[in-house]
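>>> fold the following for me, if possible:
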Amino acid sequence: MFCEEEQITCTTDDTDVCCNIIEGLFLKYAGNEYMTQRLKYHVLNLLPSQLDSEDKNHEKRLVRNDYLSNEQKQFVQVFLSENRYYYLQSSNQFYYYDSKHYCIVREDLIHHQLLTNISKDRTLMDWKYKTKTNIMKQIKERGLFSSIPETETIQIVLNLLHPSLFATRTEAKYFLAILGDSILKKNNDTIYLVKPKTKKYITALETVASISIGHSNLFGNIITKFHENYKYEHCRLLKISNSLSIDIWHDILNKYGLDLMCVAAHYSTRFESAENYIQTIINDDDNVKQYGLLLCTNQPENIINSFCNKYIQMPAIEQDASAPVYSIQWKNMHYIWKQYLSVSALPNIVFSNTFKNILKERYTYDEETDSFCNVTSKYLPHTSSFIQFWNETIVTLNNNADDIENVLEIDEFCVLYKQWAQDNATINGNIGEIEIIKIISHFFASVEIIDNKFIMGVTCKLWDKRNDLMISLVSLKEHFNLKNKINDCDELIHFDVAYDYYTKIYSDKKSKNTHVVSKNYFEKFLCSKLQDYIEYDKFISSSWYI
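Numbering: from 1, shown residues only. As a prediction, this is how the structure comes out:
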């Protein structure tokens, strides 16, 4: 009956309900003098004092709750200010920033610190877990990339990027803004072109980003090869140096990768976007702007015109029949074009056929010889002379190209070419290893080059490496055989001893045509020719010479 009447309170006036309940109780106990007296006692004596007590307790609770609520608010504010915790939903990880470096932190460590600080405060002990839950909720609402890095953190990141990867701090900031756009998913159709050799740095950064912030394919818009389907107005150039060791770069990312990404997100937010940053670069760094926007502000014809003006000359042709006729073969012209792109830090912006057709419109072209007539280039003599050197002295071996005997190292190529040039007094033999590699890669594409150091499957007529080495081994064998007969001592021959003996033989000759192989090559040759006599990896057995 009481429960049914209590349900009425939802639809009738509270006073009427209470009066009806009391009246019903008096009716219920009518004729029962004991219960009537108890009812009157409860209503007249206990109920007023109990209600008065509850009213006072309620007031106290309200005052205490207000006090604790203010204390909690102040505690939360101070804690979050002194402890810069953040969260990322994409990685489901918590982060901590100590005003210098960012790091990943476990959630249970935050819980422990929170409960410890609350316990020290004592005031909020009754609201201990309520306060912890409140703070954890607020931390989860603080995104990592909403944090603003301190100046010290920004300078650390910039110093890591400049000058190791970027020639100027402006270029480093531009890269950070690009990275920040990707992190914050500012979707745009901008394409950034970089040199193929620098892609390794981007790949390493993507790996760290995937692990630390849950972003995969962070640099899908950074490419190494231009395609003619790309719109020039959407293309930007990004110049990254490739001189930094990839191992050092991995160490940097492992230690400072999170700092780098947080600063990048900050730059993207601060400058709105990488595009806005480069468009508003100060005049002092206008070269960076011009390079970055080169493709979107020029047509391919303009860039090719620049190449022609700098790299191609048109000598004056006399009228008499004996006048010399200059020409550049298409393969040579294409090589000079690649030189220009390399020096200008440009990607290959046009297909070779398109480039050739544009040149045909500019110069006279001989279909039969596949040459451009009445043109020359100051950048061609080195190339032509090296090709001549190759054709006259280099033998390409189709079979057993990986044989140790048929390998020339790039520094050996430089020495042999210089020797050949000296024999041909009109030719300048000063050519670097990098240029030689480029020439071989372009004009002799079938020749394998390993690690930009070893030219496989070739020999040179100017130097019979195998014969020199075989002569030294015969001499070495005779020397130790004689030594053994005199001293009666079957000693092992260490590779170092054998190499020293070999170098002494040829250094004593003091001839310009005398060359010495590297120690690494020498040891490989020994392992190849004396494999049945090698002991302990680095020794030649005495059974070889006895």
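>>> is it true that Val517 touches Ser472?
No - counting by CB atoms under 8 Å, Ser472 is not a contact partner of Val517; they are 9.8 Å apart. Any C-beta I mention is one placed from the backbone N, CA and C, and that applies to glycine too.
>>> give me the number of residues near Tyr85?
24 (other CB atoms under 10 Å).
>>> how about the secondary structure of the nearest residue to Lys465 once chain neighbours are set aside?
Excluding its sequence neighbours, the residue lying closest to Lys465 (CB to CB, 6 or more residues apart in numbering) is Val517, at 6.1 Å. Each residue gets one of three states, and Val517 gets coil by DSSP: H, G, I helix; E, B strand; the rest coil.
>>> and the pLDDT at Val517?
Note on Val517: pLDDT of 89.
>>> Thr393 against Leu416, yeah?
Yes - in terms of CB under 8 Å, Thr393 counts as a neighbour of Leu416; the distance is 7.1 Å.
>>> list the buried residues for the helix or strand containing Asn287?
Element membership for Asn287 (DSSP states H and E) is helix 286-292. Judged by neighbour count (16 or more other CB atoms under 10 Å), helix 286-292 contains these buried residues: 288-289, 291-292.
>>> just flag the most distant two among the residues you listed.
Greatest spatial distance among those (CB to CB): Lys289 and Tyr291, at 7.4 Å.
>>> give me the below-cutoff pLDDT ranges for this protein.
Applying pLDDT under 70 to the chain picks out residues 1-12, 67, 282-285, 316-325, 398-402, 426-429, 508-513.
>>> show me what counts as buried in the longest helix seen in it.
Ranked by residue count and defined by DSSP state H, the top helix of the chain is helix 47-82. By neighbour count, with 16+ other CB under 10 Å as the criterion, the buried positions of helix 47-82 are 68, 72, 75-76, 79.
>>> now distance to Leu408 too, for these, in a markdown table please.
Putting these into a markdown table (distance: CB to CB, whole Å) gives the following:
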| residue | distance to Leu408 |
| --- | --- |
| Leu68 | 83 |
| Gln72 | 78 |
| Phe75 | 74 |
| Val76 | 72 |
| Phe79 | 68 |
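>>> which of the residues you listed lies closest to Leu492?
Once CB to CB is applied, the member of the buried residues of helix 47-82 that ends up nearest Leu492 is Phe79, at 71.4 Å.
>>> report the contact partners of the closest one.
Residues in contact with Phe79, defined by CB atoms under 8 Å, 6 or more residues apart in numbering, are 114, 117, 135.
>>> from those residues, which land in helices?
Taking DSSP H, the ones among the contacts of Phe79 that sit in helices are 114, 117, 135.
>>> what about the first one, distance to Gln72?
Relative to Gln72, Leu114 is positioned 12 Å away (criterion: CB to CB, to the nearest Å).
>>> which neighbours do these two have in common?
With CB under 8 Å, 6+ apart, Leu114 and Gln72 have common neighbours Thr131.
>>> what is the burial count for the residue nearest to Lys465?
Using other CB under 10 Å, Val517 has 23 other residues around it.
>>> for it, give me its contacts.
Val517 makes contacts with 412, 465, 468-469, 525, as judged by CB under 8 Å, 6+ apart.
>>> narrow these to those in helices?
Using DSSP H, the members of these that fall within helices are 412, 465, 468-469, 525.
>>> out of those residues, who's nearest Thr383?
Distance to Thr383, by CB to CB, is smallest for Glu412 among the ones in helices among the contacts of Val517, at 19.8 Å.
>>> which non-adjacent residue is nearest that closest one?
His515 (6.8 Å).
>>> and for the one you found, the neighbour number?
Number of residues near His515 (other CB under 10 Å) recorded here: 17.
>>> check Thr123 too.
Counted by other CB under 10 Å, the residues lying close to Thr123 total 13.
>>> same check, this time on Gly24
Neighbours around Gly24, by other CB under 10 Å: 13.
>>> 23 is where my numbering starts, stick with that
Understood, numbering begins at 23; the last thing we discussed is Gly46.
>>> buried residues, the helix or strand encompassing it. List them.
According to DSSP H and E, Gly46 maps onto helix 36-50. Applying a neighbour-count criterion of 16+ other CB under 10 Å, one finds Leu47 buried in helix 36-50.
>>> CA atoms of the helix or strand that it is followed by as PDB?
Later in the chain than helix 36-50, the nearest helix or strand by DSSP H and E is helix 55-63. This file holds the C-alpha atoms of helix 55-63, laid out as PDB (Å, rounded to 0.1, in the frame of the first residue of the first chain):
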ATOM      1  CA  GLU A  55      -4.400   3.000  21.200                       C
ATOM      2  CA  TYR A  56      -0.700   1.900  21.300                       C
ATOM      3  CA  MET A  57      -0.100   2.300  17.600                       C
ATOM      4  CA  THR A  58      -2.000   5.600  17.600                       C
ATOM      5  CA  GLN A  59       0.200   6.900  20.400                       C
ATOM      6  CA  ARG A  60       3.400   5.800  18.600                       C
ATOM      7  CA  LEU A  61       2.200   7.400  15.400                       C
ATOM      8  CA  LYS A  62       1.500  10.700  17.100                       C
ATOM      9  CA  TYR A  63       5.000  10.500  18.800                       C
END
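>>> tell me what angle helix 55-63 forms with helix 69-104.
Helix 55-63 runs at 50 degrees relative to helix 69-104, counting by axes from the mean of the first three to the mean of the last three CA atoms, to 10 degrees.
>>> would you map out the domains in this structure?
84-168, 173-314, 322-395, 403-480, 487-566 (automatic domain parsing).
>>> deepest-packed of the ones you listed, please.
The highest mean neighbour count among those, using mean count of other CB atoms under 10 Å, belongs to domain 173-314: a mean of 17.
>>> from the chain's centre, how far out does it sit?
For domain 173-314, the separation from the chain centroid amounts to 9 Å (computed by CA atoms, centre = their mean, to the nearest Å).
>>> how close does the nearest residue to Phe465 once chain neighbours are set aside get to Ile126?
What sits nearest to Phe465 in space, not counting adjacent residues and going by CB to CB, 6+ apart, is Ile409, at 6.0 Å. With distances taken as CB to CB, Ile409 is found 56 Å from Ile126.
>>> how about Met57?
When distance is defined by CB to CB, Met57 is 71 Å away from Ile126.
>>> what segments of the stretch 323-472 of the chain are helices?
For the stretch 323-472 of the chain, the helices defined by DSSP state H, counting those that start in this stretch occupy 352-365, 374-384, 403-415, 432-445, 455-465.
>>> and the last one, what other elements does it pack with?
The one in question is helix 455-465. Using 3 or more CB pairs under 8 Å, 6 or more residues apart in numbering; DSSP states H and E, the elements in contact with helix 455-465 are helix 352-365, helix 403-415, helix 432-445, strand 471-472.
>>> same check on the fourth one?
Using 3+ CB pairs under 8 Å, 6+ apart as the contact criterion, the neighbours of helix 432-445 among helices and strands are helix 403-415, helix 455-465, strand 476-478.
>>> over to the second one?
If you count contacts as 3+ CB pairs under 8 Å, 6+ apart, helix 374-384 packs onto helix 322-333, helix 352-365.
>>> ok, and what's touching the longest one?
Counting by CB under 8 Å, 6+ apart, the neighbours of helix 352-365 from elsewhere in the structure are 329, 332-334, 350, 368-371, 374, 377-378, 381, 392-394, 399, 401-402, 405-406, 460-461, 464-465.
>>> show me the contacts for Leu187.
Leu187 is in contact with 194, 197, 223, 262-263, 266, counting by CB under 8 Å, 6+ apart.
>>> cutoff 6 Å now
262-263, 266 (CB atoms under 6 Å, 6 or more residues apart in numbering).
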